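Peer 1: structure here, sequence nowhere to be found:
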């Protein structure tokens, strides 16, 4: 009796692979690729995560008409603004009043002025814009009229390193028809930087939030 797998005298037709065995081979190949990818990521994770954080960083201060210190980083931003002032980058520092102080706490803008004064900035060189602000866009909108009134041609915006890219985006949007150039100065956070932010939950949350806010800004504005 002829072999059921033989069409005619000659080579046998191979048995078709079992569907489950085929799927198993595909899954095994996928797992090997994933394992290899995970190995690469683990080996170079510090470099990858550092470069990711650097996407958020801008630092290009240039001698300008004024320094704008953004609220939200009292442990670093006032000292960076003061350092730029002492180095002669600009003759004036501007900041917004921000939110009213909670009972028993100093208003952030007042605390920032004290920190800058202790760091060598005379009070006569500091301007507080008495407007309630809740976002970087609010601060940019509050500062624009003053900049136009004073005839300023360029500003240095001081903020914490991880917040610099989004700050440039906001100020560039608000100032785009003003003829005023925007430069950014990155203030170092005392607790983490681009090379170690992923080692602690708090700083990892900072970059997660910054990622979400950046995406929101791109979609919203």
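Peer 2: Perfect, I can see it now. These numbers were taken from a predicted model, which means no experiment stands behind them.

Peer 1: so the closest residue to residue 131 other than its chain neighbours is in which element?
Peer 2: In space, and not counting its chain neighbours, residue 131 is closest to residue 142: 4.3 Å by CB to CB, 6 or more residues apart in numbering. C-beta: built from backbone N, CA, C; applies to glycine. Using DSSP states H and E, residue 142 sits within helix 136-150.

Peer 1: by contact count, what packs against whichever helix or strand comes after that helix?
Peer 2: Using DSSP H and E, the helix or strand that follows helix 136-150 in sequence is strand 154-160. With contacts taken as 3 or more CB pairs under 8 Å, 6 or more residues apart in numbering; DSSP states H and E, strand 154-160 sits against strand 66-69, helix 77-86, helix 136-150, helix 164-175, strand 181-187.

Peer 1: okay, the ones you listed in JSON lines with mean neighbour count and distance to residue 114 next?
Peer 2: Below are the helices and strands packed on strand 154-160 laid out as JSON lines (neighbours: other CB atoms under 10 Å; distance: least, CB to CB, whole Å):
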{"stretch": "strand 66-69", "mean neighbour count": "28", "distance to residue 114": "13"}
{"stretch": "helix 77-86", "mean neighbour count": "23", "distance to residue 114": "8"}
{"stretch": "helix 136-150", "mean neighbour count": "18", "distance to residue 114": "20"}
{"stretch": "helix 164-175", "mean neighbour count": "20", "distance to residue 114": "23"}
{"stretch": "strand 181-187", "mean neighbour count": "22", "distance to residue 114": "17"}
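
Peer 1: please enumerate residues in contact with stretch 132-144?
Peer 2: If you take CB atoms under 8 Å, 6 or more residues apart in numbering as the criterion, stretch 132-144 is touched by 68, 70-71, 94, 96-100, 129, 131, 155, 159, 163, 166-167, 170-171, 173-175, 178, 221.

Peer 1: returning to that earlier point: would TSV of the helices and strands packed on strand 154-160 with distance to residue 117 and mean pLDDT be doable?
Peer 2: Output for the helices and strands packed on strand 154-160, formatted as TSV (distance: least, CB to CB, whole Å; pLDDT from 0 to 100):
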stretch	distance to residue 117	mean pLDDT
strand 66-69	13	98
helix 77-86	9	98
helix 136-150	21	95
helix 164-175	24	96
strand 181-187	17	97
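
Peer 1: which one of the ones you listed lies closest to residue 116?
Peer 2: Closest of the helices and strands packed on strand 154-160 to residue 116 is helix 77-86, at 4.5 Å (criterion: CB to CB).

Peer 1: tell me the helix or strand right after the closest one.
Peer 2: strand 93-96.

Peer 1: that following strand - contacts with which helices or strands?
Peer 2: So strand 93-96, by 3+ CB pairs under 8 Å, 6+ apart, packs with strand 66-69, helix 77-86, helix 108-118, strand 126-129, helix 136-150.

Peer 1: give me the residues contacting it.
Peer 2: By CB under 8 Å, 6+ apart, strand 93-96 touches 66-71, 81-82, 85, 109, 112-113, 116, 121, 125-129, 131, 133, 138-139, 142-143, 146.

Peer 1: in TSV: the helices and strands packed on strand 93-96, plus distance to residue 205.
Peer 2: Shown next, in TSV, are the helices and strands packed on strand 93-96 (distance: least, CB to CB, whole Å):
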stretch	distance to residue 205
strand 66-69	24
helix 77-86	19
helix 108-118	21
strand 126-129	30
helix 136-150	19
